[in-house]
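Novice: Make a model of this:
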Amino acid sequence: MSFIINAIKNILHRMLQFLSFSRKTISNSLSIYIKTNNGNTLSVDLDPNWDIKDVKEFVAPQLGLDPGEVKIIFAGKELGDSITISECDLGQQSTLHAIKVTKKLTPPKLDNAPIEESDEGKPLCETLSDLSFSNDEVEETSTPQTKVHFFVYCPTCKSLKNGKLRVRCHFCKYGAFTVHADPQNWTDVLEPKRITGLCENSLEQCANILDNREPTFAEFYFKCSEHTSLGEDDGAVPLYLIRPNIKEVPCLACADVNDLVFVFPCEEGHVTCLDCFRQYCTTRLRERQFWQHPEYGYTLACPAGCPDSFIKEIHHFKLLPENQYVQYQRFATEEFVLRAGGVLCPQPGCGMGILADPECTKITCINGCGYVFCRSCLQGYHIGECDVAEGNSSPNTTDCSYNVDPTRAADARWDEASRVAIKVLTKPCPKCRTPTERDGGCMHMVCTRAGCEYHWCWVCQTAWTRDCMGSHWFG
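Specialist: As a prediction, the model looks like this:
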């Protein structure tokens, strides 16, 4: 009988806890998800002024536990009872993890594993929103800072945004993960298996890892802080070369001191403002002076000519206007095709990249405009030796002190309009190269030049055959 009475008292006590919590006045509602270790997900509205103790009092009855038996984990940290929701930098529909307190396992010791306090005795941050570091070391400054330390390219917002650092288990991707030490620099965040931690997932995968005494590593990732969270799989690309200018370094180009700067990955760490970085990219793009790096892709180096200063994360070029970024992607693709031994379709308005066998001279733009051309001279396919067409001779490499915008120079040629019209509306006879215009009728062409009278196919640009007649005589 006493057992039943105690059970009823326990139930009434939990109901009173729940009712007392629900009577709290919510002045500014924050809708978040709370994931429990039994697989449940609770959707709750919290006040940013509440502390973690209040959250535990609400969650504990849902887990059949006392508040003291629950710990709240967020962004790699077990949150203390006195921390308020606002200090955690939670966004709408963010996720907290409510876990039953268990005896902690002693983590495996690594030779190069960071300890819980740095050599200077600096304690762990309470939340990762308090963390800030440069490319090499933690920033030491007496100037008060906001919590915006990281910047990302958000694929949802499609622009540069403020970012938030998050962490999960490297092996099972579970978010209820606490780090043993804070990352001290960008290397700790960007490279895998640098920081160890404790994963609260009871899945067999992580259990086997612990049984084998293999360390459980943290995996850091970033989220946009300016739109509603799309869940734990929501992510953004860290633009780690963009930083708040807390050192007030002047721009390399305009010498202005800006709040936000781009720091090139060179030994000197040259700095430009974002406007000058965009101008630098635009100029190099117009002149096709980007570099096709075998590892990093189509990228740029420090404008001061520093060695080993290529931009590794090409999402930084998303700072360009959309039309210029589209051009950047097209140039990058073309450069890749050419370096791979391919060719680009010379037909105006096409430019399709084609990868063909090196010994193949007759190229057909199959997935593009269908143009058939000679690989050697990039003119319509022909029989016999290539003629050096006007304007296709080797460019003059003599330096000229008079700088001309190459884009404007290409458009400002008197004969170019006629030349483009001929290439678009005509095809050369495969035998004598006489430009021929088709104004209707079938695909069977007969060259009108005296002495040639070659019969050829408008589609294939080869001799007219029965296959042409059966496949595309009338298109």
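Novice: Only alpha carbons, please: show the longest strand anywhere in the chain as PDB.
Specialist: Longest strand in the chain, counting residues (DSSP state E): strand 159-169. What follows is strand 159-169 as a C-alpha-only set of coordinates in PDB (Å, rounded to 0.1, in the frame of the first residue of the first chain):
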ATOM      1  CA  SER A 159      24.400  35.500 -49.600                       C
ATOM      2  CA  LEU A 160      27.100  36.300 -47.000                       C
ATOM      3  CA  LYS A 161      25.600  35.900 -43.500                       C
ATOM      4  CA  ASN A 162      26.600  35.800 -39.900                       C
ATOM      5  CA  GLY A 163      27.400  32.200 -38.900                       C
ATOM      6  CA  LYS A 164      27.200  30.000 -35.800                       C
ATOM      7  CA  LEU A 165      29.600  27.200 -34.900                       C
ATOM      8  CA  ARG A 166      28.100  23.800 -34.100                       C
ATOM      9  CA  VAL A 167      29.500  20.400 -33.300                       C
ATOM     10  CA  ARG A 168      28.400  16.700 -33.600                       C
ATOM     11  CA  CYS A 169      29.900  13.300 -33.300                       C
END
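Novice: Return the set of buried residues in that strand.
Specialist: Going by neighbour count (16 or more other C-beta atoms under 10 Å), the buried part of strand 159-169 is 160, 161, 162, 163, 164, 165, 166, 167, 168, 169. Glycine gets a C-beta too; all of them are placed from N, C-alpha and C.
Novice: what residues are up against the fifth one?
Specialist: Okay, so that is residue 164. 75, 89, 91, 128, 129, 150, 222, 223, 224, 225 (C-beta atoms under 8 Å, 6 or more residues apart in numbering).
Novice: and if you look at the first one?
Specialist: Residue 160 makes contact with 151, 152, 153, 154, 239, 242, 318, 319, according to C-beta under 8 Å, 6+ apart.
Novice: now the third one: how far from residue 160?
Specialist: Spelled out, that is residue 153. 6 Å (C-beta to C-beta, to the nearest Å).
Novice: Common neighbours of those two, please.
Specialist: Joint contacts of residue 153 and residue 160 (C-beta under 8 Å, 6+ apart) are 239, 318.
Novice: sorry, back to before: how about the contacts of residue 160 in JSON lines, adding pLDDT?
Specialist: Supplementary listing: these in JSON lines, determined by pLDDT from 0 to 100:
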{"residue": "151", "pLDDT": "91"}
{"residue": "152", "pLDDT": "92"}
{"residue": "153", "pLDDT": "91"}
{"residue": "154", "pLDDT": "91"}
{"residue": "239", "pLDDT": "93"}
{"residue": "242", "pLDDT": "93"}
{"residue": "318", "pLDDT": "94"}
{"residue": "319", "pLDDT": "93"}
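Novice: Which single one of these is nearest to residue 100?
Specialist: residue 152 (33.6 Å; C-beta to C-beta).
Novice: which helices and strands sit right next to the helix or strand where that closest one lies?
Specialist: For residue 152, the host element (DSSP states H and E) is strand 150-154. Secondary-structure packing of strand 150-154 (3 or more C-beta pairs under 8 Å, 6 or more residues apart in numbering; DSSP states H and E): strand 159-169, strand 218-224, strand 237-238.
Novice: Just after the longest one, pick out the following helix or strand.
Specialist: Past strand 159-169, further along toward the C-terminus, the next helix or strand under DSSP H and E is strand 177-179.
Novice: Okay, buried residues for the next helix or strand along the chain from that next one please.
Specialist: Moving toward the C-terminus from strand 177-179, the next helix or strand (DSSP H and E) is helix 186-190. Neighbour-count burial for helix 186-190 flags 186, 188, 189 (criterion: 16+ other C-beta under 10 Å).
Novice: tell me the mean pLDDT for helix 186-190?
Specialist: Here helix 186-190 scores 88 as its mean pLDDT.
Novice: thinking again about what came up before, format the helices and strands packed on strand 150-154 as TSV; extra columns: mean pLDDT and distance to residue 180.
Specialist: Formatted as TSV, the helices and strands packed on strand 150-154 follow (pLDDT from 0 to 100; distance: least, C-beta to C-beta, whole Å):
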stretch	mean pLDDT	distance to residue 180
strand 159-169	88	11
strand 218-224	90	8
strand 237-238	92	22
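Novice: could you check the angle strand 218-224 makes with the longest strand of the chain?
Specialist: For strand 159-169 against strand 218-224, the angle by axes from the mean of the first three to the mean of the last three C-alpha atoms, to 10 degrees is 150 degrees.
Novice: how close does residue 299 sit to residue 341?
Specialist: 21 Å.
Novice: between those two, which one's more packed in?
Specialist: residue 299 (18 against 10; other C-beta atoms under 10 Å).
Novice: Quick check: beta-bridge partners of the residue nearest the centre of the chain?
Specialist: In the chain, the centroid-proximal residue (C-alpha atoms, centre = their mean) is residue 237; its distance is 4.4 Å. Beta bridges link residue 237 to residue 153, judged by DSSP bridges.
Novice: what's near enough to touch it?
Specialist: 152, 153, 155, 222, 313, 315.
Novice: just how off-centre is the helix or strand containing residue 61 within its chain?
Specialist: In this structure, residue 61 sits in helix 52-63 according to DSSP H and E. Centroid separation for helix 52-63 versus its chain: 38 Å, with C-alpha atoms, centre = their mean, to the nearest Å.
Novice: Can we start the residue count at 263 from this point?
Specialist: I'll keep to 263 as the first residue from here, and by that count the last item is helix 314-325.
Novice: got the buried residues for that helix?
Specialist: Using 16+ other C-beta under 10 Å as the test for burial, helix 314-325 gives 314, 316, 317, 318, 319, 320, 321, 322, 323, 324, 325.
Novice: neighbours around the closest residue in space to residue 305 that isn't next to it in sequence, how many?
Specialist: Leaving aside its sequence neighbours, residue 305 sits nearest to residue 295 (C-beta to C-beta, 6 or more residues apart in numbering; 5.8 Å). Residue 295 sits with 16 neighbouring residues when counted by other C-beta under 10 Å.
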